[in-house]
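In: any chance you can model this:
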Amino acid sequence: MIVRARLFVETLSYWTCATGATRGRLYDSVCVRDREGLPYMPGRHLRGLLREAVRQLPDVDADVVSLLFGPRDTDGIAFGSQIRIGSASLVAPVRALLEKMSREERERALFATIQSTAINDATGAALETSLRTYEVVAPTLLEAEISGDGAAFDERGAPQKPCEDWFDIVQRALPLIEGVGAHRARGYGRAIFSVAAYDGEASQ
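Out: The predicted structure is shown next:
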């Protein structure tokens, strides 16, 4: 069984995974960043996207989805899952290129600003005080670690037998994910997902 794999996310348009915080009067929403100030996609967000994609596969029933991603309690929180997904960071070649830049150059290369406003359907004019400004990230390539050796439990806390085909299920579900981050309904965050097993990490 394949134990670990790399999950690749190639963004095709501006995207943002927001912190929920603002930056004074400059931004109503800013991107999450790591300790080096670089953008990333939280594993929890990727997990939610992947769970929804797997759920759409016609040959995968709800019990398998629950096994792979954890059953949900009354608060909608998943626990006890076979699949574990880390946060997605910029791939090493991109990070190496950015390290050669100054902080100002890196900011210009990575980030941009978008604005949106609500429109009055009757007049076609922008609604007063509806202007919003968001920080977004330029298209790039990120990767995360995904593993299928987590401990899965049912709602009663009993251990479950792992799904041997988890990698195949994930691979088939990835084309169903069309976007990442906030504002996906507005065309931001278009992305292509792919997965590759670690060399030497597959066993029978």
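In: what is the least confident helix or strand in this protein?
Out: strand 111-116 (a mean of 79; mean pLDDT, DSSP states H and E).
In: helix or strand right after it?
Out: Following strand 111-116 in sequence order, the next helix or strand is strand 132-137 (DSSP states H and E).
In: next, name the residue at the spatial heart of this protein.
Out: Per C-alpha atoms, centre = their mean, the C-alpha nearest to the average position across the chain is that of Leu46, at 3.2 Å.
In: contact partners of the least confident helix or strand of the chain?
Out: Strand 111-116 is touched from outside by 14, 27, 31, 39, 131-138, 186, 188, with contacts defined as C-beta atoms under 8 Å, 6 or more residues apart in numbering. Where C-beta positions appear, they are placed from N, C-alpha and C, glycine not excepted.
In: so what's the residue nearest to the centre of the chain up against?
Out: For Leu46, the contact set (C-beta under 8 Å, 6+ apart) comprises Leu7, Val9, Ile85, Ser87, Ala88, Ala144, Val180.
In: swap in Val64?
Out: Here Val64 is in contact with Val54, Cys163, Ile169 (criterion: C-beta under 8 Å, 6+ apart).
In: confirm it sits in a helix?
Out: Yes - checked against DSSP: H, G, I helix; E, B strand; the rest coil, Val64 lies within a helix.
In: send me the helix or strand hosting Pro93 as PDB with only the CA atoms.
Out: Taking DSSP H and E as the definition, one finds Pro93 inside helix 92-99. The C-alpha trace of helix 92-99 is given here as PDB (Å, rounded to 0.1, in the frame of the first residue of the first chain):
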ATOM      1  CA  ALA A  92      11.500  24.300  -3.600                       C
ATOM      2  CA  PRO A  93      12.600  25.800  -7.000                       C
ATOM      3  CA  VAL A  94      10.200  28.700  -6.500                       C
ATOM      4  CA  ARG A  95      11.400  29.300  -2.900                       C
ATOM      5  CA  ALA A  96      15.000  29.200  -4.100                       C
ATOM      6  CA  LEU A  97      14.300  31.900  -6.700                       C
ATOM      7  CA  LEU A  98      12.500  34.100  -4.200                       C
ATOM      8  CA  GLU A  99      15.500  33.800  -1.800                       C
END
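In: what are the buried residues along that helix?
Out: Neighbour-count burial for helix 92-99 flags Val94, Leu98 (criterion: 16 or more other C-beta atoms under 10 Å).
In: what's the answer for stretch 139-152, then?
Out: Result for stretch 139-152 [16+ other C-beta under 10 Å]: buried residues Thr140, Leu142, Glu143, Ala144, Glu145, Ile146, Ser147, Gly148, Gly150, Ala152.
In: quick one: mean pLDDT over it.
Out: Mean per-residue pLDDT for stretch 139-152: 91.
In: distance between the ends of that stretch?
Out: Stretch 139-152 has an end-to-end distance of 35 Å (criterion: C-alpha to C-alpha, to the nearest Å).
In: off-centre distance for that stretch?
Out: 10 Å (C-alpha atoms, centre = their mean, to the nearest Å).
In: pLDDT weak spots in the protein?
Out: Under the criterion pLDDT under 70, the flagged ranges of the chain are 19-28, 72-79, 116-131, 154-155, 199-204.
In: and the strands in it?
Out: 4-11, 84-85, 89-90, 111-116, 132-137, 141-147, 191-197 (DSSP state E).
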